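K.L.:
Sequence and predicted structure, then a few things I'm wondering about:
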Amino acid sequence: MVKLEENKVYTEHLHIERMPAPVRVYIPLTQHIGRMTSPVVNVGEDVLLGQKIADSDAAVSSPIHASVSGKISAIQNWPHPITGISKTIIIENDGKDRLSPNCCLTSREIDKISIDELRCIVREAGIVGMGGAGFPTHIKLTPPKAVDTLILNGAECEPYSTGDSRLMIERGREIIEGVRLVVHCLGIRYVYFAIEDNKTQAITSFKALLDREIEGEHNVRIKLIVLKSHYPQGGEKQLIKNILKKEVPAGKLPFDVGVLVQNVGTILAIYEAVYKNKPLYERLVTVTGDCVESPKNLLVRIGSPIKDLIEFCGSLRREPVKIIIGGPMMGVAQYTEMVPVIKTSTAVLLLSSGKMQRYKEDVCIRCGECVRNCPVGLQPCLISLAVERENWDLAKLYSPLDCIECGLCAYLCPAKRNLVQSIKYAKLRTR
């Protein structure tokens, strides 16, 4: 792990603002790990806010909901922030936010919800990992092995991003209610709230809440863990190792060591799905960078073009040379401002030439920096060399599928080799 320049000062002190819904939303059918969804609506159809508009019968998938009410104007290919292009449902907003009947508040008795019903609620709400991974949450709540430990991931180790921090400060009580639901679902015995030490306000807020909340309930032990602000502290396996001193074996998942890791935004989405019947149709996005006049933490409708987010933050200080969705380490550079916010979009970064450096890729000098610092113990340099030679059998021997794509190897490489791109290519060829 390394200490990075955090650049959180732009937005870490700013309260969450709700951005007005755009006149048109572009909702991709690809927003999670697993099978792409298929439309369950047609062009010309009138839809309501929170109505299901796409789904799949595949085991690993998650439904998608309308983020505005209005008329579906098209179902077509559209720019996508991760895949480049995706089949997308375009909705013309009628400005009325007519709510789907399924989203209305109920007098649901929380204590009487069965575990199977809770999982069904989470699935039907379309909740996926909100920290960027996008794994369907209902599957994580149905582990094939017993899980007794929950780690609430509030590390938010990526530079610039402050959305999770603001959620912990402003909506901590609701996050704790979401934790109660997961504890009930899985029979959790131990809960760890993991927060990096650079989030002092969030730490203070959670300490005050935990002193009087769920400690002692159902024989659950609660502990607040303050971590050093190092990158990539927020990875699942890194959290498990640093907090529990347990190693998740290569090719295995956290449940193999009895652990579930959930992002704070995901836990909040679970709370809203159960207590408010609210599907996942909006999320918190940090809009920041040295080009932004008024950086903000925005609550944004899924499908909003990032162009609208940028304009909502005022005029630009300077022209950006790169726009990134996500953090600077793991995010994806965009080729158009018309890409929409999706369920896994944590931030929009606008960076000037002063924050960007261009390098020419050089030959590997065998320094071993990437090997010494890889958080999952890989040899990125050797994977990259095998890819250059198109030796896919050799590349597979170095376990590229275990890579978490944190970008640390490329960041530290003195030869500025495109190691992450090589490993991603190796993953595609060796699967």
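P.N.:
Arrived safely.

K.L.:
Show me what counts as buried in the longest helix seen in the chain.
P.N.:
Looking across the chain with DSSP state H, the single longest helix is helix 172-186. Buried positions in helix 172-186, judged by neighbour count with 16 or more other C-beta atoms under 10 Å: 172, 174-186. Heads up, the C-betas are built off the backbone N, CA and C, glycines and all.

K.L.:
Pick the one among the residues you listed closest to residue 86.
P.N.:
Of all those, residue 86 sits closest to residue 178, with 29.2 Å by C-beta to C-beta.

K.L.:
What does the pLDDT read for the closest one?
P.N.:
pLDDT, residue 178: 94.

K.L.:
for the stretch 201-350 of the chain, which spans come out with low pLDDT?
P.N.:
Low-confidence segments of the stretch 201-350 of the chain (pLDDT under 70): 212-218.

K.L.:
Tell me how many other residues crowd residue 427.
P.N.:
Neighbourhood size, residue 427 [other C-beta atoms under 10 Å]: 17.

K.L.:
And the pLDDT for it?
P.N.:
Looking at residue 427, its pLDDT stands at 92.

K.L.:
Adding distance to residue 423, write the buried residues of helix 172-186 out as a markdown table.
P.N.:
Converted to a markdown table, the buried residues of helix 172-186 look like this (distance: C-beta to C-beta, whole Å):
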| residue | distance to residue 423 |
| --- | --- |
| 172 | 37 |
| 174 | 38 |
| 175 | 34 |
| 176 | 38 |
| 177 | 39 |
| 178 | 34 |
| 179 | 34 |
| 180 | 39 |
| 181 | 36 |
| 182 | 32 |
| 183 | 36 |
| 184 | 39 |
| 185 | 35 |
| 186 | 33 |
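
K.L.:
Which member of those residues is positioned nearest residue 49?
P.N.:
residue 174 (20.4 Å).

K.L.:
wait, the closest one sits on residue 270?
P.N.:
No. With contact defined as C-beta atoms under 8 Å, residue 174 does not reach residue 270; the gap is 9.9 Å.

K.L.:
which ones are touching residue 331?
P.N.:
Counting by C-beta atoms under 8 Å, 6 or more residues apart in numbering, residue 331 touches 158, 324-325, 347, 349.

K.L.:
switch to 7 Å and redo it
P.N.:
Shown in contact with residue 331 (C-beta atoms under 7 Å, 6 or more residues apart in numbering): 324-325, 349.

K.L.:
Which ones among these map onto helices?
P.N.:
Using DSSP H, none of those sit in helices.

K.L.:
who wins for neighbours among these?
P.N.:
residue 349 (30 neighbours).

K.L.:
how close does that residue sit to residue 123?
P.N.:
Separation of residue 349 from residue 123 (C-beta to C-beta, to the nearest Å) stands at 32 Å.

K.L.:
How about residue 387?
P.N.:
37 Å.

K.L.:
Pick out whichever of the two has more residues nearby.
P.N.:
More crowded of residue 387 and residue 123, by other C-beta under 10 Å: residue 387, with 24 against 20.

K.L.:
which one in the chain is furthest away from the centre?
P.N.:
residue 365 (34.6 Å; C-alpha atoms, centre = their mean).

K.L.:
Now that residue: closest residue in space, sequence neighbours ignored.
P.N.:
Among residues not flanking residue 365 along the chain, residue 415 sits closest, at 5.6 Å (C-beta to C-beta, 6 or more residues apart in numbering).

K.L.:
OK, contacts around the one you found?
P.N.:
With C-beta under 7 Å, 6+ apart, residue 415 has these contacts: 362-365.
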